[in-house]
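J.: Need coordinates for the below:
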Amino acid sequence: QVQLEESGGGLVQAGDSLRLSCSASGFTFSITTMGWFRQAPGKEREFAAAISWNGGRINYADSVKGRFTTSRDNAKNTVYLQMNSLKPEDTAVYYCAADRPGLLSVIRTTEADYDYWGKGTQVTVSS
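T.: Prediction:
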């Protein structure tokens, strides 16, 4: 049974940092591209970042580039999203997602391409 569980969300002030974690099980994490998406109130879910199986390829949305960093630890089946210089517009539910295992260095940014999803963690940034 595939499970993705996000943690690390919370309420912070503008300019603060947060580190999200996503623990994975039930599939071969080490050969799977992992993505981060977010959904703000009243908006559609959008791509934030993605990392290939070994971290060799990473992609960020323009809105988070330079402030967010994604990384992974395949020994721990965990992917991370370090979020710095947070802004009120970063307020959203953040989801981690797993692409189809085996695509290796393929990085996809479309929600429909990802097979498995966590339940999300709330990040709220106050001004």
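
J.: Can you tell me how far the residue of the chain positioned farthest from its centre is from residue 105?
T.: Distance from the C-alpha centroid of the chain peaks at residue 127, with 23.0 Å (Cα atoms, centre = their mean). Here the criterion is Cβ to Cβ, to the nearest Å. By it, residue 127 lies 39 Å from residue 105. For every residue, glycine as well, the C-beta is placed using N, CA and C.

J.: And for residue 120?
T.: Taking Cβ to Cβ, one finds residue 120 at 27 Å from residue 105.

J.: So which of these two has more stuff around it?
T.: Neighbour tally, residue 120 and residue 105, criterion other Cβ atoms under 10 Å: the higher count belongs to residue 120, 18 against 10.

J.: tell me, how many neighbours does residue 19 end up with?
T.: Residue 19 has 13 neighbouring residues, counting by other Cβ under 10 Å.

J.: surely it meets residue 79?
T.: No - counting by Cβ atoms under 8 Å, residue 19 stays clear of residue 79, with 11.3 Å between them.

J.: Show the average pLDDT along the helix or strand containing residue 95.
T.: Assigned by DSSP states H and E, residue 95 falls within strand 92-98. In this model, strand 92-98 has an average pLDDT of 98.
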